[in-house]
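Enquirer: A structural model of the following input is requested.
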Amino acid sequence: MLKGSKIYSIFTGTCPVCQNESMYKEPNPYKLLHTLKMHERCSFCKTKYKIEPSFFYGAMYVSYPVGIAFSVAAFVISNIFLGASIFVSFMTIIATLILSLPIILRISRNIWINFFFSYKKNDVSN
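Expert: Residues are numbered from 1 along each chain as shown. Below you'll find the predicted structure:
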């Protein structure tokens, strides 16, 4: 349904150009030794994921607001909906950030690479 949009590529971790293949070698982000291991190129459209050395350092700038979004969500759920104290809400934020770190890292990379590539329907050459 959303295929062809940047949102689809960001949340599924698929190639931003063809959206036919995952960019990551390991689909499970919680296998920590393999969380950030990526394929060199897409096997369908041959898009090279690392445009230049250290390309994904820019994802650090994206990870901050993504972490803030996770923190705000944890606070709203724990403090406003569940009525927890400020201390418990703070601890919930810390636990949420620690447990969701692999997801935050991948989402940040996905957002970063989608700044530079756009979806091209039926593109098989790059």
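Enquirer: list the contacts for the most centrally placed residue in the chain?
Expert: Centroid-nearest residue in the chain, with CA atoms, centre = their mean: I107, separated by 1.0 Å. Residues touching I107, when contacts are defined by CB atoms under 8 Å, 6 or more residues apart in numbering, comprise I10, F11, V66. No exception for glycine: its C-beta is placed from N, CA and C like everyone else's.
Enquirer: same thing but 10 Å
Expert: The neighbours of I107, taking CB atoms under 10 Å, 6 or more residues apart in numbering as the test, are I10, F11, G13, P29, A59, V62, S63, V66, G67, A69, F70, S100.
Enquirer: surely the fifth one meets I113?
Expert: Yes - proximity of A59 to I113 meets the contact threshold set by CB atoms under 10 Å, at 8.2 Å.
Enquirer: neighbour-wise, which of those two wins?
Expert: With neighbours defined as other CB atoms under 10 Å, A59 and I113 compare such that I113 has more, 26 against 21.
Enquirer: can you give me the distance of the nearest residue to Y30 once chain neighbours are set aside to N79?
Expert: Distances taken as CB to CB, 6 or more residues apart in numbering put P102 closest to Y30, at 5.6 Å, once the chain neighbours are dropped. P102 sits 25 Å away from N79 when distances are taken as CB to CB, to the nearest Å.
Enquirer: re earlier: same list, the contacts of I107, but as JSON lines with secondary structure, pLDDT and distance to S85 please.
Expert: Below are the contacts of I107 laid out as JSON lines (DSSP: H, G, I helix; E, B strand; the rest coil; pLDDT from 0 to 100; distance: CB to CB, whole Å):
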{"residue": "I10", "secondary structure": "helix", "pLDDT": "96", "distance to S85": "34"}
{"residue": "F11", "secondary structure": "helix", "pLDDT": "96", "distance to S85": "33"}
{"residue": "G13", "secondary structure": "coil", "pLDDT": "96", "distance to S85": "36"}
{"residue": "P29", "secondary structure": "coil", "pLDDT": "96", "distance to S85": "31"}
{"residue": "A59", "secondary structure": "helix", "pLDDT": "95", "distance to S85": "34"}
{"residue": "V62", "secondary structure": "helix", "pLDDT": "97", "distance to S85": "32"}
{"residue": "S63", "secondary structure": "helix", "pLDDT": "97", "distance to S85": "28"}
{"residue": "V66", "secondary structure": "helix", "pLDDT": "98", "distance to S85": "26"}
{"residue": "G67", "secondary structure": "helix", "pLDDT": "98", "distance to S85": "22"}
{"residue": "A69", "secondary structure": "helix", "pLDDT": "98", "distance to S85": "23"}
{"residue": "F70", "secondary structure": "helix", "pLDDT": "98", "distance to S85": "20"}
{"residue": "S100", "secondary structure": "coil", "pLDDT": "98", "distance to S85": "22"}
